[in-house]
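Novice: below is the sequence, then the predicted model.
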Amino acid sequence: MKKLLVILLAAMMLLSLAACGSDKTPLGSQDKTNNSNMGISDIESALDELEQLIPEGWDENNYGAYIYNVWDSDFLPDCFPEAPDGIKVDQTTFKDYKHDRINGSYAVGPLYYDSKEDYREYGVFFYATKAQLDTFTAAVEAKGMNGGITEEGEWTYYNYFGNGWFMEIFVRNSISEENYEYSVSVSATDSLFALPESIDGIPLPQCGMTDSDYNKNYTIQDFTNGYEDVDFNLESDKLPEASYAAWFEYHCSTNQDSMDYSAKLKELGWDVVWESNEENGHRCALKKDGVYAVSNYIADDCVLQVGFSDMIENLSY
């Protein structure tokens, strides 16, 4: 129902804009107080407000909105598949910009935010068998989401990224529902951070997602006097001449992303120091103009690590 309202409102606003465009009154003499004279920014603002409306039948408190025993496909974004057959649904949830967190931790999986106003989060909680869980993760991947298991054991985590969304699936053994093996908590957000384009003129990977806003807050490691993190502006600062390391992590990336990035640096004249394609992922070290670079893919975590330093030892750990 809410998605239908969004479409109807958009259509009404477009008709309003069309009506304004057909007005024969000279532009300079138009009544500036005319509410029908809306711009694109007004439409986007109104649609965003409507998108945040809590659906009928839901409850809400300071920490979010929720509806019990319902998998609300009409409300959930498209990155969520339909509910697998036979699962037991506990609830659908939504954290809007205005909702706080009880524990004060503003995060979705590896993504960390400065405040509650920085992100929205959609979620479902359900009970499932192994087969039903596999059906769900396969359906997520079928929607073009890249990733997989990043931590496995009594608590298992899946991270997926694609089509502008990040999704974390948290799985643990079910205690209260004996007919199901697992309790499954799924969280998704489209409040992703823009990828930095370069550091000191060196192009950076454009894949996966960063866990924080590198364009806003980024630090490099300074080894001049021991070890300390130093603020670094990616738009204007230059890399030091010595005793530093600069690291970037790209979650939900692929092994091919690491190989592609190394290939890009080679095309730009970087010389290969060493390269390997091990079972755990691609690894490559390169050098140019006194700067070392590494591109390491960690398959177990679905993470691409990229680092730069004046000494290769600073990039080995």
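Specialist: Great, that's in hand.

Novice: mind checking pLDDT for the closest residue to Ile202 other than its chain neighbours?
Specialist: If the residues on either side of it in the chain are set aside, Ile202 comes closest to Phe308, at 6.9 Å by C-beta to C-beta, 6 or more residues apart in numbering. From N, CA and C alone the C-beta is placed, and that goes for glycine too. In the prediction, the pLDDT value recorded for Phe308 is 98.

Novice: same check, this time on Leu9
Specialist: With respect to pLDDT, Leu9 scores 46.

Novice: and Asn277, by the same measure?
Specialist: We have a pLDDT of 88 for Asn277.

Novice: ok, the residue nearest to Ile202 touching Leu234?
Specialist: No: between Phe308 and Leu234 there is no contact under C-beta atoms under 8 Å: 11.9 Å.

Novice: so the two - more neighbours on which side?
Specialist: Phe308 (22 against 18; other C-beta atoms under 10 Å).

Novice: just how off-centre is the helix or strand harbouring that one within its chain?
Specialist: Here Phe308, judged by DSSP states H and E, is contained in strand 303-309. Here strand 303-309 is found 19 Å from its chain centre; the criterion is C-alpha atoms, centre = their mean, to the nearest Å.

Novice: residues in contact with Asn146?
Specialist: Residues near Asn146 by C-beta atoms under 8 Å, 6 or more residues apart in numbering: Tyr160, Phe161, Gly162, Gly208, Cys252, Ser253, Thr254, Cys302.

Novice: for Gly201, see how far away the fifth one is.
Specialist: Meaning Cys252. Taking C-beta to C-beta, to the nearest Å as the measure, Cys252 falls 27 Å from Gly201.

Novice: of those two, who's got more company?
Specialist: Between Cys252 and Gly201, counting by other C-beta under 10 Å, Cys252 is the more crowded of the two (26 against 7).

Novice: apart from its chain neighbours, what residue comes closest to the more buried one?
Specialist: Spatial nearest neighbour of Cys252, excluding adjacent residues (C-beta to C-beta, 6+ apart): Phe161 at 3.3 Å.

Novice: what number of residues lie near the one you found?
Specialist: By the criterion of other C-beta under 10 Å, Phe161 has 23 neighbours.

Novice: what do you get for Asp78?
Specialist: When neighbours are defined as other C-beta under 10 Å, Asp78 has 11 of them.

Novice: tell me the secondary structure for it?
Specialist: At Asp78 the chain is in coil, as set by DSSP: H, G, I helix; E, B strand; the rest coil.

Novice: can you list phi and psi of Ile312 for me?
Specialist: Phi and psi for Ile312, reported as degrees, to the nearest 10, are phi -60, psi -30.

Novice: not counting sequence-adjacent ones, nearest residue to it?
Specialist: Tyr292 (4.7 Å).

Novice: could you confirm Ala246 falls within a strand?
Specialist: Yes: counting by three-state DSSP, Ala246 falls inside a strand.

Novice: picking that back up, list the helices and strands the strand holding Phe308 packs on?
Specialist: Applying 3 or more C-beta pairs under 8 Å, 6 or more residues apart in numbering; DSSP states H and E, one finds that strand 303-309 contacts strand 244-251, helix 255-267, strand 291-298.

Novice: show me what the second one is in contact with.
Specialist: The contact list for helix 255-267, computed with C-beta under 8 Å, 6+ apart, reads 203, 205, 207-208, 250, 272, 275, 277, 281-284, 286, 288, 293, 295-297, 299, 304, 306.

Novice: name only those of these that count as buried.
Specialist: Neighbour-count burial (16 or more other C-beta atoms under 10 Å) applied to those gives 205, 207-208, 250, 281-284, 286, 293, 295-297, 304, 306.

Novice: quick check, nearest of those to Glu313?
Specialist: The nearest member of the buried ones among the contacts of helix 255-267 to Glu313, counting by C-beta to C-beta, is Ala293 at 14.0 Å.

Novice: the closest one and Gln305, how far apart?
Specialist: Relative to Gln305, and taking C-beta to C-beta, Ala293 is found at 11 Å.

Novice: same question for Phe75.
Specialist: Distance, Phe75 to Gln305, by C-beta to C-beta: 36 Å.

Novice: re earlier: tell me which residues touch the residue nearest to Ile202, please.
Specialist: The contact partners of Phe308, by C-beta under 8 Å, 6+ apart, come to Ile199, Ile202, Leu239, Ala245, Ala246, Val291, Tyr292, Ala293, Leu315.
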